[in-house]
Each structure stands twice: as structure tokens, then as C-alpha cells.
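K.L.:
the following comprises the amino acid sequence and a computationally predicted model.
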Amino acid sequence: MKKTVTMFCLVLAAAAIQAQTLSWDFQFEILKRNTWESAPVNQIIQMQTGEYLRLSITPAASCYCYIVFYDSQRNVDVFFNGQLNGRTEKTFSSIQLQDPRGTETLYVVMSLSRQTRLEELIQAFNRNPDSRQNATNLYNEVLSLRRSVSYLGEPSVEIVPSGGTQRSGSASEEFATRFSGRDTYVRVITINH
């Protein structure tokens with residue numbers, strides 16, 4: 001009986017841990033020659049001024065998502081601040097890279113729990129986006145979140161098929177990156193242009 005109770009407790013603990021982790025698929029694409037092409041997010045992405053990018057995120061369960069862009073001039077822009085429904089793809093498209101050239105950084109924050117401090121700073125920034133202090137506070141909070149969730153380094157990722165596309169009469173497969181195993185992520189994507 002004692003073994004059965006112990007085994008049952010271990011199963012419940014494993015289920016609770018599994019329920020507290022976030023799994024989500026992420027795809028980064030660049031519009032080149034009128035065709036969207038997947039780009040790997042585990043390395044620096046090379047783009048040209050004027051090219052468009054698009055992101056697709058599909059969480060396995062409902063969660064909170066915050067997407068903050070930091071451009072080459074140290075300007076901050078908030079692309080998304082809200083909740084995503086589980087198993088529903090959300091696409092952010094028509095984001096165009098503009099001059100001046102340099103390094104741009106995209107921060108994708110995914111969390112099972114609401115990030116209230118981050119939301120407060122996003123609201124302050126949205127009320128007064130010209131305030132350098134608001135931009136700095138928001139940027140520093142994103143970096144602080146990144147440090148707090150990255151204490152074990154980047155988690156392993158899985159590359160998964162995300163559907164096929166037709167290009168010039170031939171089929172090619174697009175791929176997404178799957179993240180899982182934590183309850184909060186801060187995915188950093190670096191773009192050189």
C-alpha cells in the first residue's frame with residue numbers, strides 16, 4: 001500500500017510539473033522576392049533595410065505574450081502585450097526594417113503567469129513613447145526578466161514542421177522552433193541589417 005501511495009504521489013507531482021510548463025511553437029520568416037522564407041532563431045539573422053519580417057506563435061495552452069523591439073538607434077517599440085489562446089496561431093506580420101542600419105533586437109517574452117511589472121512599464125511607455133526614461137525602464141525590465149529566467153542557460157529546442165508551401169511549382173517545407181519545459185521564456189532574436 002505504501003508503494004502505491006508513493007507512486008501515486010510521484011505521478012501527481014509529475015503531472016503538476018508538466019501542467020506548470022509552457023510549450024509553444026515559434027516561426028520567424030523574412031519576405032524575400034515576394035516569398036516568405038523561414039529563418040533560424042538560434043543565430044544572428046541577416047536582413048536588408050526595407051525587408052519585412054513576420055512572427056508566428058502557437059502556444060499549447062493559454063499564456064501571456066510580450067514582444068518588445070529594440071532598434072539600432074536604441075529606440076523601443078512594443079509589438080504585442082496580451083494573452084494568447086492555447087492552440088491558436090497568432091501571426092505578427094508586415095514589420096519592416098528601416099534605416100539606419102545596424103543591430104536590431106527582438107525580445108519575445110512568453111509566460112504562463114501575468115508579468116504585472118512588465119505590463120505596467122509597457123502602459124507607461126504607451127502613454128508617453130517619447131520619454132527616454134520610459135523606454136529605458138521598459139528595456140531594463142525585459143533584460144531583468146531575461147536574466148531571471150536564463151539562470152540555467154537556454155533550454156533545448158525542437159525543430160518541428162509547420163506546413164508546406166509552394167514555390168515555383170515545387171513543394172518545400174517550413175519549420176518552426178518548439179520551446180517547452182519552463183513557465184517563462186525570454187527569447188532574444190538578433191537581426192543585423
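P.N.:
Yep, it's here.

K.L.:
do you know the pLDDT at Arg178?
P.N.:
On the pLDDT scale, Arg178 is placed at 77.

K.L.:
what is the burial count for it?
P.N.:
17 (other C-beta atoms under 10 Å). Where C-beta positions appear, they are placed from N, C-alpha and C, glycine not excepted.

K.L.:
check which helix or strand it maps to.
P.N.:
strand 170-182 (DSSP states H and E).

K.L.:
tell me which residues in the helix or strand that that strand is followed by are buried?
P.N.:
For strand 170-182, the succeeding helix or strand toward the C-terminus, using DSSP H and E, is strand 184-192. Neighbour counts over strand 184-192 (16 or more other C-beta atoms under 10 Å) mark 184-187, 189, 191 as buried.

K.L.:
spell out the residue ranges of the strands in the protein.
P.N.:
Assigned by DSSP state E, the strands in the chain fall at 22-32, 35-39, 45-46, 52-59, 63-70, 76-84, 90-96, 103-111, 157-167, 170-182, 184-192.

K.L.:
weakest of the ones you listed by average pLDDT?
P.N.:
When I compare these, strand 157-167 is least confident, with a mean of 49.

K.L.:
about what we covered before: closest one to Thr136 among the strands of the chain?
P.N.:
strand 76-84 (8.3 Å; C-beta to C-beta).

K.L.:
the inter-axis angle of that closest one versus strand 22-32?
P.N.:
130 degrees (axes from the mean of the first three to the mean of the last three C-alpha atoms, to 10 degrees).

K.L.:
please tell me I have it right and Trp36 contacts Glu29.
P.N.:
Yes: counting by C-beta atoms under 8 Å, Trp36 does reach Glu29; the two are 4.4 Å apart.

K.L.:
what is in contact with the two at once?
P.N.:
Both Trp36 and Glu29 are in contact with Arg54, where contact means C-beta atoms under 8 Å, 6 or more residues apart in numbering.

K.L.:
who's in contact with the most centrally placed residue in the chain?
P.N.:
Note on the chain: the residue nearest the mean C-alpha position is Val108, at 3.1 Å, using C-alpha atoms, centre = their mean. Shown in contact with Val108 (C-beta under 8 Å, 6+ apart): 26, 55, 57, 65-67, 185-187, 189.

K.L.:
what's the distance between it and Ile67?
P.N.:
5 Å (C-beta to C-beta, to the nearest Å).

K.L.:
quick one: common contacting residues for the two?
P.N.:
The contact lists of Val108 and Ile67 share Leu55, where a contact means C-beta under 8 Å, 6+ apart.

K.L.:
what about Thr58, how many residues nearby?
P.N.:
20.

K.L.:
beta partners for it?
P.N.:
Per DSSP bridges, the residues bridged to Thr58 are Asp25.

K.L.:
that one against Cys65, yeah?
P.N.:
No: with contact defined as C-beta under 8 Å, Thr58 and Cys65 do not form a contacting pair (11.0 Å).
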